[in-house]
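# Fold the following and give me the result.
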Amino acid sequence: MTFLKAGEQALADRVVTRFRARAREIDPNCEIIRVFSDEYEEGRLGVESSPSLFGEAKLLEFPDFENANDALMIDLKATITTPQPDVWILVRRNGGNKGAGLLKMNGVEVIDVPAVKKPEDKLRILTQEVHDQGGRISREGAVTLIEALGDSVGELLAAAQQLAADVEGEIDREDVLEYYSDRYVAGGFAVADALVGRDTAGALQLLRYSRQAGNDDSATIGALVYRFRQFVAAMDPRGVLADQLNISPWLMKKISPDLRRWGSEDIAFAFTALARADAQVKGGAVAKDYPLEKAIIDIIAHKK
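I've put the predicted structure just below:
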């Protein structure tokens, strides 16, 4: 039996695909049976794992073990102690801690696919996906794509495949924006670019576009805070925060012209103004559009 801890769904999906391919490689006639945990009835595992009429192998998949009932837990433990030949069992848990006892039993292979949270891990996965598709992507292009698409690893993988198929040569920032400029603007980073460039009218216009695209102000505030955190990281001679935020040399070069125009007092004021706006937005301000717009105006006016 294989127990798949699916913290990152898109990557876990690939594990399942490879598992099926391996089963079919061993036995082209392998029967794949999916059983949803919350519908499981006592004894079904024994029935499904019994030898077939024509002797083909079987792959039993439980794609949602986080919903497992007591009957399934009991039958799985019994099956682990008395495994059937030519029967593979793939148990996928998409969250929670259910089944901790199964992980400690002999005969259980555990595959852990943790959630991808660190920017550097996203960059690594994205760059590798482009490479696997026969393409190349610059670091600047990869970071821009991550900023445009956000935290969805599935979307990043799909975008990497599309760009690798469509773009000749190395994929750079311009290529990414050609395909995903709307998402980049909607994600708030275009607002951040205008803000640190002291373009009040441009920042407010892009903010309105971001709202029209369905982005809420809290997410945009997050993008603005992240941009100023990059400034703080760039000011740190030790480079500790730069490593944590993945401030690469090309990005340092990109923000340097703006950084020279923003002192530590200006950045501190920006953090305070954005924190106030965030509290007002989350607190249900009567004029919901006002707090962030005022923060942008105040930050740029203070800098001037």
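
# The stretch 1-150 of the chain: helices as residue ranges?
Counting by DSSP state H, counting those that start in this stretch, residue ranges of the helices within the stretch 1-150 of the chain are 9-26, 44-48, 70-81, 100-103, 119-132, 139-149.

# Can you list the buried residues in the longest one?
Neighbour counts using 16 or more other C-beta atoms under 10 Å place Ala10, Leu11, Ala12, Asp13, Val15, Val16, Phe19, Arg20, Ala23 of helix 9-26 among the buried residues. Placement of C-beta: from N, CA and C, glycine included.

# that older thread, and the helices of the stretch 1-150 of the chain, which is most packed in?
helix 139-149 (a mean of 22; mean count of other C-beta atoms under 10 Å).

# Helix or strand next in line after that helix, which one?
For helix 139-149, the following helix or strand on the C-terminal side (DSSP states H and E) is helix 153-166.

# now the angle from that next one to helix 9-26?
70 degrees (axes from the mean of the first three to the mean of the last three C-alpha atoms, to 10 degrees).

# Okay, now the unreliable bits of the stretch 151-300 of the chain?
236-254, 285-286 (pLDDT under 70).

# let's see 90
151-152, 181-190, 193, 197-198, 209-216, 218-219, 222-223, 226-227, 229-264, 281-289 (pLDDT under 90).

# circling back: output the buried residues of helix 9-26 as a markdown table; include the columns distance to Trp88 and pLDDT.
Listed next are the buried residues of helix 9-26 as a markdown table, based on distance: C-beta to C-beta, whole Å; pLDDT from 0 to 100:
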| residue | distance to Trp88 | pLDDT |
| --- | --- | --- |
| Ala10 | 23 | 95 |
| Leu11 | 20 | 96 |
| Ala12 | 17 | 96 |
| Asp13 | 18 | 96 |
| Val15 | 13 | 96 |
| Val16 | 12 | 96 |
| Phe19 | 8 | 94 |
| Arg20 | 10 | 96 |
| Ala23 | 6 | 94 |
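
# Could you pull out the helices in the stretch 151-300 of the chain for me?
Using DSSP H, counting those that start in this stretch, the helices of the stretch 151-300 of the chain run over 153-166, 173-186, 189-196, 200-212, 217-235, 240-244, 249-259, 264-282, 290-303.

# list the buried ones in the last one?
When you say that, I think you mean helix 290-303. Pro291, Leu292, Glu293, Ala295, Ile296, Asp298, Ile299, Ile300, Lys303.

# Can you work out which other helices and strands pack against the longest strand seen in the chain?
Looking across the chain with DSSP state E, the single longest strand is strand 87-93. Using 3 or more C-beta pairs under 8 Å, 6 or more residues apart in numbering; DSSP states H and E, the elements in contact with strand 87-93 are strand 2-6, helix 9-26, strand 58-62, helix 70-81.
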